[in-house]
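1. Next come a sequence and a model predicted from it.
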Amino acid sequence: MVAQEWINSPNKEKFHQLHLRKFPGDYKKYWEFVVYLEECQLAKQLHPKENDLVFLVPENNEEKKDLEWSHLEDACEYYCGYIHKFRRTSVMRNGKTECSVSIQTQDNLPVNLNELVKCFVISSLVTTQRKLKAMSLLSGRNQLARAILNPNPMDFCTKDLLTTASERIVAYLKDFNEDQKKAIETAYAMVKHSSSVAKICLIHGPPGTGKSKTIVGILYRLLTENQKRGHSDENSNAKIKQNRVLVCAPSNAAVDELMKKIILEFKEKCKDRKNPMGNCGDINLVRLGPEKSINNEVLRFSLDSQVNHRMKKDLPSHVQEMHKRKEFLDRQLDELSRQRALCRGGRESQRQELDGKIARVSKERQELASKIKEVQGRPQKTQSIIILESHVICCTLSTSGGLLLEAAFRGQGGVPFSCVIVDEAGQSCEVETLTPLIHRCNKLVLVGDPKQLPPTVISVKAQDYGYDQSMMARFHKLLEESVEHNMIGRLPVLQLTIQYRMHPDICLFPSSYIYDGTLKTNRGTETSRCSSDWPFQPYLVFDVGDGSERRDNDSYVNVQEIKLVMELIKLIKDKRRDINFRNIGIITHYKAQKTMIQKDLDKEFDRKGAAEVDTVDAFQGRQKDCVIVTCVRASATQGSIGFLASLQRLNVTITRAKYSLFILGHLRTLVENRHWYHLIQDAQKRGAIIKTCDKNYRHDVMKILKLKPLLQRSLTHPPTVAPEAYRPQGGLPSSKQDSELSKTSFASSLYHSPSDSKEATVTDAAKDPERPPNQDRLRDPRLLRRLGLAFDAQGINLREPQPLSPQHSGAAPPLGAPGCPGSPQEPCTIGQQGVTLNNHTPHMQCDSPAASTDTSTSKEKCDQEEGVLGHRRETRALSEGDQEWWASSHTKRNSDWDEGGLEEDSSSKKRRVL
Ligand SMILES: Nc1ncnc2c1ncn2[C@@H]1O[C@H](COP(=O)(O)OP(=O)(O)OP(=O)(O)O)[C@@H](O)[C@H]1O
């Protein structure tokens, strides 16, 4: 357990250079660190708390200087302790004010007595204690104990549960897709029917499939429809809610993201907005947890602010005056302490005067605080009232195990929640997920995706014990085994399969490689993502061949990739002035890279927040219009690619973008890992790889620009010159199973010499700026007909789409596809035009599974935007001549693109309502 705690916040150095000396009381295992005024200020800011787990490193300990955090558990036996007491005193010793921290250690520091030590606060043990409590109370308190410890398929809800819904609910559910509706109805039926039976509902949703939306739907369904007549849950004036839901997530950020959606939905659906029945539309909502960890946008729902509001509102004016005076004294104290710190080297008389003032103000403040407490009563009572009145209580899993909830429900009788919902359940470790179950609720809804990030556990030892497995992942695995062994016919898991985030080209690889082709793109999403308003290609992989990784403390940087990132951002900002950090995300797995990019962005864009840079972990659950991924790892000698190797991490990395995803990496290094190998192989098949090096960065980034939409351009610029020949982009192994693929030949195919990799043979005419690009000519239906593709009157490709999967050989694009009869190595030649295409796939953009069943409007639109032969024609690397033409024509035609706003993200639209 302790090992896990090293991980959660591994490098929070809170105090340093403390002087270790023995506590005068001489308790056997207690040691006191004495810090002076400056450190005291530091300590004040950092709030060391009782039970904080700390790690002490003697300054002179050479051996431990380069200690790796992942090996800390080995060291903790000797250097670990926890804060027993933190005291700030105004006692003067040798003319200095002291603070002291008592740290309980394992009695192993005497050798370091009177030496300087560094002290790191690793984490709070409070969370650990709560997990321990949850584990020990499980079997005694919760009917779900057996299902959790020894699950069988009957413990899980299937979608066969029947429900009836009012007209209002039926109308409400129209906004949801079939999968989501089933999930909502199943969770509803589980909670409302057979309340005495312990059950678990698993909702599995790949990225962007609306997991949060589904949770909001479940809440709405549970809280707005009455089970029985006369049992009005809609009566939010009923002081104590029978129908109360506890909503948890592993992190504060995840809780707040979800809360924003809950708030928007319930406010929007409020029956009478001018006269709402609760603090959030017709319901009461409360967020538990320390205010400093709560997002500003939801802060007014925090328990503390509701308590303050209520207590102040109800206070007589003389008590309000007392509050004001206390706030004034607080400010005065802060100012005096600051002055006192500044005059440390000054006159003794001045210092004494200040000390005297501090003592007087402190005394008055203390007396006032006690008086206020006396007259207004204890906030605990108000806290409990607010909790009891709430329909939805949101908090982290850990906070759900705090005393606050227990205290509020003590003596109320019954089970306080009708249901516990855990979001991001794939990201919390088992014992953490147990925490909210201490409240005896026997209905648990786990929502998440075990294929996205698992709980973060760096400790190898903890991983060995399976600490990084979530409860959801364990259930999932067991149930899958039951299906495999024919113990059950189908998985009792509610699957969400339609995604609303990604451009279909971005979705293609994760869908085929990670979700067995089950992840489909919503049609409306497809249409909007293919819009010509967005001037950039959807999916490209930059092979930064000259990049190299450099170690930077515990992290890595890759300067070449940073240069390329900057070129990309400059171009993106140039083409879309309206774009900012809200729309662009830069994902890197390395902190040092993140810091360096941030610095460069600040320098280049004057701290105007050109893009948000963060780690993939920080991006889980979030989305951006455009995402640039910098992989960093690039080494001459093959070795580990660290964090990058995890499929779950790769999954989250490549599924955050809505319109464009640009991956930057040293492919020769990445290809060593099997998942990256598949990604690169797939990108190569799609012609989405751009090989680049320093001198070409500026040039090569132009390739992210889309060409002008097909019909406009081909009508205004009919081809006058025969299109040139194309050469395939590197040879690919055929569609053999991965294991059989020769990695060497594939890898080497990525590394043609520049002349080898030239993809088009250019005639002089190709340099003519007036000439339409090859792509446009290829979009001309007359030419396409010669390719043997099927078209309707509008030039829309009616041929069945070709699935593309690096995992499933059968699904891989047939190398000798119709109209492209050559083998992979044999370019196919098109009639008299002499256009040589590589073995490329038909149009990716519209070939997603979602689009596969019809020739819908969205599909037509896609085809028109991207050309029937697909974006690949646009993404292939151009010859030098093409590049020049392209660069000039894009600059010229930039005004052709609608510079107006993007389709506004419903969430940002809604954000304004908050
Ligand atoms: N039925 C739907 N109709 C229209 N839009 C939807 C629907 N369901 C979800 N969306 C939209 O899809 C986007 C992603 O939804 P949401 O954030 O709920 O997904 P998620 O599954 O929680 O994503 P992640 O796995 O990345 O956390 C949101 O913009 C949401 O509004």
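-> Everything's here; your move.
2. Could you check which residue of the stretch 151-300 of the chain lies nearest the ligand?
-> Closest approach between the stretch 151-300 of the chain and the ligand, counting by Cβ to the nearest ligand atom: residue 210, at 2.8 Å. The way it works is simple: take the backbone N, C-alpha and C, and place the C-beta from them, glycine included.
3. Identify the residue spatially nearest to that residue, adjacent ones excluded.
-> residue 180 (5.6 Å; Cβ to Cβ, 6 or more residues apart in numbering).
4. Roughly how far does that neighbour sit from residue 281?
-> 20 Å (Cβ to Cβ, to the nearest Å).
5. residues touching the residue nearest to residue 210, list them.
-> 210, 213, 214, 217, 496 (Cβ atoms under 8 Å, 6 or more residues apart in numbering).
6. these two touch, right, the last one and residue 207?
-> When you say that, I think you mean residue 496. No: with contact defined as Cβ atoms under 8 Å, residue 496 does not count as touching residue 207 (10.2 Å).
7. What is the most widely separated pair among the contacts of residue 180?
-> Distance extremes for these: the farthest pair is 217 and 496 at 11.3 Å, using Cβ to Cβ.
8. where does the stretch 251-400 of the chain have low pLDDT?
-> 313-314, 344-345, 376-378 (pLDDT under 70).
9. Now do residue 789, the pLDDT please.
-> On the pLDDT scale, residue 789 is placed at 37.
10. still on that earlier bit, between residue 217 and residue 496, which contacts overlap?
-> Shared contacts of residue 217 and residue 496, counting by Cβ under 8 Å, 6+ apart, come down to 180, 183.
11. What residue in the stretch 601-750 of the chain comes nearest to the ligand?
-> residue 621 (3.8 Å).
12. what about that residue, which SS state?
-> On the three-state scheme (DSSP: H, G, I helix; E, B strand; the rest coil), residue 621 is labelled coil.
13. which residues does it contact?
-> Neighbours of residue 621 in contact, by Cβ under 8 Å, 6+ apart: 212, 253, 254, 257, 424.
14. Does the longest helix seen in the chain pack against any helices or strands, and if so which?
-> Counting residues, the longest helix found in the chain (DSSP state H) is helix 348-376. Packing partners of helix 348-376 (3 or more Cβ pairs under 8 Å, 6 or more residues apart in numbering; DSSP states H and E): strand 80-93, helix 317-342.
15. Return the most buried member of those.
-> Mean neighbour count (mean count of other Cβ atoms under 10 Å) peaks for strand 80-93 among those, with a mean of 16.
16. Which residues of this structure lie near the ligand?
-> 175-177, 180, 205, 207-213, 449, 500-501, 621, 906-907 (Cβ under 6 Å from any ligand atom).
17. any idea which helix or strand carries residue 203?
-> strand 199-204 (DSSP states H and E).
18. Show the average pLDDT along that strand.
-> 96.
19. Could you list the residues in contact with that strand?
-> When contacts are defined by Cβ under 8 Å, 6+ apart, strand 199-204 is touched by residues 144, 147, 151, 155-157, 183, 186-187, 190, 211, 214, 442-450, 472, 475-476, 479, 492-496.
20. Specify the angle between the helix or strand following it and strand 199-204 in degrees.
-> The helix or strand immediately downstream of strand 199-204 is helix 211-224, counting by DSSP H and E. On the basis of axes from the mean of the first three to the mean of the last three Cα atoms, to 10 degrees, helix 211-224 is oriented at 140 degrees to strand 199-204.
21. And helix 211-224, what does it pack against?
-> Checking 3+ Cβ pairs under 8 Å, 6+ apart, helix 211-224 ends up next to helix 167-172, helix 178-192, strand 245-249, helix 252-268, strand 419-422, strand 443-448.
22. between those, which gets nearest to residue 397?
-> Closest among the helices and strands packed on helix 211-224, using Cβ to Cβ: strand 245-249, at 4.8 Å.
23. So which residues make contact with that closest one?
-> With Cβ under 8 Å, 6+ apart as the criterion, strand 245-249 contacts 215, 219, 222-223, 255, 258, 262, 391-397, 400, 416-424, 428, 435-436, 439, 441.
24. For burial, what's the neighbour tally of residue 300?
-> Other residues lying near residue 300 total 14 when counted by other Cβ atoms under 10 Å.
25. And residue 355, by the same measure?
-> Around residue 355 there are 15 residues (other Cβ under 10 Å).
26. Please shift the residue numbers so they start at 30 in all later answers.
-> All set: I'll call the first residue 30, so the last point we hit is now residue 384.
27. my guess is it contacts residue 369, does it?
-> Yes: assessed by Cβ under 8 Å, residue 384 is found in contact with residue 369 at 7.0 Å.
28. ok so, going back, which ones are touching the residue of the stretch 180-329 of the chain closest to the ligand?
-> Residue 239 sits in contact with 205, 206, 209, 525, 527, 529, where contact means Cβ under 8 Å, 6+ apart.
29. Mind putting the residues you listed into TSV with distance to residue 685?
-> Putting these into TSV (distance: Cβ to Cβ, whole Å) gives the following:
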residue	distance to residue 685
205	23
206	21
209	21
525	17
527	18
529	13
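30. What does residue 345 show for phi and psi?
-> Per-residue torsions, residue 345: phi -70, psi 160 (degrees, to the nearest 10).
31. meant to ask about residue 614
-> Residue torsions, per degrees, to the nearest 10, at residue 614 are phi -120, psi 140.
32. Tell me the pLDDT of the closest residue to it other than its chain neighbours.
-> Once flanking residues are discounted, residue 614 sits nearest to residue 653: 3.7 Å by Cβ to Cβ, 6+ apart. Predicted confidence (pLDDT) for residue 653: 94.
33. same question, the one 3 residues further on
-> Residue-level confidence at residue 656 comes out at 97, pLDDT.
34. What's opposite it in the beta bridge?
-> Residues in a beta bridge with residue 656, per DSSP bridges, are residue 614, residue 690.
35. Look up how far residue 587 lies from residue 166.
-> Taking Cβ to Cβ, one finds residue 166 at 48 Å from residue 587.
36. out of those two, which sits in the busier spot?
-> residue 587 (27 against 18).
37. check contacts around the closest residue in space to that one that isn't next to it in sequence.
-> Once flanking residues are discounted, residue 587 sits nearest to residue 661: 4.4 Å by Cβ to Cβ, 6+ apart. Neighbour list for residue 661: 578, 585, 586, 587, 590, 617, 618, 619, 622, 694 [criterion: Cβ under 8 Å, 6+ apart].
38. Just among these, which is most surrounded?
-> Going by other Cβ under 10 Å, residue 617 tops the contacts of residue 661 with 30 neighbours.
39. Quick check, that residue in contact with residue 658.
-> Yes: contact status for residue 617 versus residue 658: in contact at 7.4 Å, counting by Cβ under 8 Å.
40. in the stretch 580-729 of the chain, which ranges drop under the pLDDT threshold?
-> In the stretch 580-729 of the chain, residues with pLDDT under 70: 636-637, 667-668.
41. which stretches of it form strands?
-> Ranges of strands in the stretch 580-729 of the chain, per DSSP state E, counting those that start in this stretch, are 584-586, 613-617, 641-643, 653-659, 686-694, 718-721.
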